[in-house]
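>>> okay, here's the prediction I keep looking at, along with the sequence it came from:
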Amino acid sequence: MARIVVIGGGWAGCGAAIAAKKAGADEVILLERTDMLLGTGLVGGIMRNNGRFTATEEAYAMGGGDLFDAVEEAARHRNIEFPGHKHVTLYDVAKIEPAVRRVLDRLGIKYNLMARVRDITMDGTKIKSVITDKDDEVYGDVFVEATGTAGPQGHCSKYGNGCVMCIIRCPSFGPRISVAARAGVQEMMGRKADGSYAAMSGSCKLHKESLSEQIAKELDSKGVVVVPIPEDLKKAESLSIKACQQYALKEFADNIILLDTGHAKLMSPYYPLDKLRKIPGFENARYEDPYAGGIGNSMRFTALSPRDNALKVNGVDNLFCGGEKAGLLVGHTEAIVTGTLAGHNAVRHAFAKQLLVLSETLATGDAIAHVREQMQTEDGLKLKYTFSGAQYFKRMQEKGLYTTDVQAIKERVEKAGLTSIYARSAKEAAACR
């Protein structure tokens, strides 16, 4: 019997639930504290840019492409470019959550919304159950934590510019709590380059209707608009505070860069509204997320779990982690691939099978191992890692891991003995390795 409980319904949690079901779990229960799945995926929208293309195709080759199919279903633009980023897919943030629900429904995965986990019970070094705000006690054999690292409100005030009413919606649905911390695990915090803690989410959403007709039409047709910023309105200092360091480029300081994800995605952590409205075309600009996008954004990387390369949390016998809980990994693709591995391994653990560690000949396996290693160092905790840019994308290129040749990616996965590994039951998959 394998009963897997996944806490957190973002990209990582959904990936973990799907992988656990496909790996042969008898029951998978997904607990999400808000009224919608996907968390920051509800305001994200960027996929396949740079090395994320490679990681996506690795996931498909390993049998873990279900959520990427949902992205394709909700895509607004494919194969576009913006500064520093190629072959980008942009999904519609209004259509993606229902598309993901359909994937979970098709697989028979139970997901309970407005089910914030507030506490746990332990049996020695094992988690026995989690307890929700409604006092429901949910028992499991193995647990996967994918609660993210943003919130509660106090963290945004302590490390950022205060609660800016973002999509995390702590005031409405309660703050995120860390299951690992409740289990007695000493977690880590990411840092900025100057050594201060946490990092700010890297983009905002503007109502497209609040922009000039010309900008709105160009966004709809091309998917990207680049608007030069007058010299006296530039704010280059904001680049260093971004969680998404792949966008901390000079072009993002010199220009307003908008992406079409249904709304207009503004590639800046925040932008003072009075300054923004002085830029031609933005005279009536209004923020969609966060509502106070003129003063700041949500703070991230405040609760990182120590873990091994199978994504098992150190110090707890039956807890795995995915997404930002697994380290300083930024992005939807990164969350999906780590969540998928965590969910698959949760079932292996339940069946007492050898855990899967992905080969470092794959971008996904290398990233998981590299981030774990880097997080043991002071300097490593100051960096953010992503397939799409900054330090890790450079590493991908140097190691020859980045490619858009789908056949070459399939062959690389086959050579590692991982073809369709996520499509097979954990018992069968473990017997093959």
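Perfect, thanks for sending it. Owing to the predicted nature of the structure, the values given are computational and were not obtained by experimental measurement.

>>> what ranges does the stretch 301-433 of the chain have for its helices?
Remark: helices assigned in the stretch 301-433 of the chain by DSSP state H, counting those that start in this stretch are 332-350, 363-374, 390-398, 406-415, 426-431.

>>> with mean pLDDT and distance to residue 226 as new columns, can these be given to me in a markdown table?
Where C-beta positions appear, they are placed from N, C-alpha and C, glycine not excepted. Putting these into a markdown table (pLDDT from 0 to 100; distance: least, C-beta to C-beta, whole Å) gives the following:
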| stretch | mean pLDDT | distance to residue 226 |
| --- | --- | --- |
| helix 332-350 | 98 | 23 |
| helix 363-374 | 97 | 28 |
| helix 390-398 | 94 | 20 |
| helix 406-415 | 98 | 29 |
| helix 426-431 | 74 | 45 |
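
>>> okay if I get those as a markdown table plus mean neighbour count?
Output for the helices of the stretch 301-433 of the chain, formatted as a markdown table (neighbours: other C-beta atoms under 10 Å):
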| stretch | mean neighbour count |
| --- | --- |
| helix 332-350 | 30 |
| helix 363-374 | 21 |
| helix 390-398 | 18 |
| helix 406-415 | 16 |
| helix 426-431 | 18 |
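
>>> could you dump those to a markdown table with distance to residue 108?
Listed next are those as a markdown table, based on distance: least, C-beta to C-beta, whole Å:
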| stretch | distance to residue 108 |
| --- | --- |
| helix 332-350 | 15 |
| helix 363-374 | 26 |
| helix 390-398 | 35 |
| helix 406-415 | 27 |
| helix 426-431 | 17 |
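
>>> poorly predicted segments of the stretch 101-250 of the chain, please.
Along the stretch 101-250 of the chain, segments meeting pLDDT under 70 span 235-249.

>>> helices along that one, start to end?
153-159, 170-173, 179-182, 213-222, 250-254.

>>> which strands and helices sit next to the longest one?
Applying 3 or more C-beta pairs under 8 Å, 6 or more residues apart in numbering; DSSP states H and E, we find helix 213-222 packed against strand 224-228, strand 255-261, strand 263-266.

>>> can you give the strand pairings for the last one, parallel or anti for each?
Take DSSP bridges as the rule and strand 263-266 pairs in its sheet with strand 204-206 (antiparallel), strand 255-261 (antiparallel).

>>> of those strands, flag the one that's most buried.
strand 204-206 (a mean of 25; mean count of other C-beta atoms under 10 Å).

>>> residue 110 against residue 31, yeah?
No. Under the criterion of C-beta atoms under 8 Å, residue 110 makes no contact with residue 31, lying 9.4 Å away.

>>> how close does residue 9 sit to residue 121?
22 Å (C-beta to C-beta, to the nearest Å).

>>> residue at max distance from the center of the protein?
Distance from the C-alpha centroid of the chain, by C-alpha atoms, centre = their mean, peaks at residue 232 (34.4 Å).

>>> distance of that residue from residue 272?
According to C-beta to C-beta, residue 232 and residue 272 sit 13 Å apart.

>>> now do residue 57
Applying C-beta to C-beta, the value for residue 57 to residue 272 is 40 Å.

>>> now swap in residue 251 and tell me
20 Å.

>>> also residue 339?
Taking C-beta to C-beta, one finds residue 339 at 36 Å from residue 272.

>>> same check, this time on residue 429
Residue 429 is 52 Å from residue 272, by C-beta to C-beta.

>>> can I get the helices and strands packed on helix 213-222 in a markdown table including distance to residue 191?
A markdown table is the format used below for these (distance: least, C-beta to C-beta, whole Å):
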| stretch | distance to residue 191 |
| --- | --- |
| strand 224-228 | 31 |
| strand 255-261 | 26 |
| strand 263-266 | 25 |
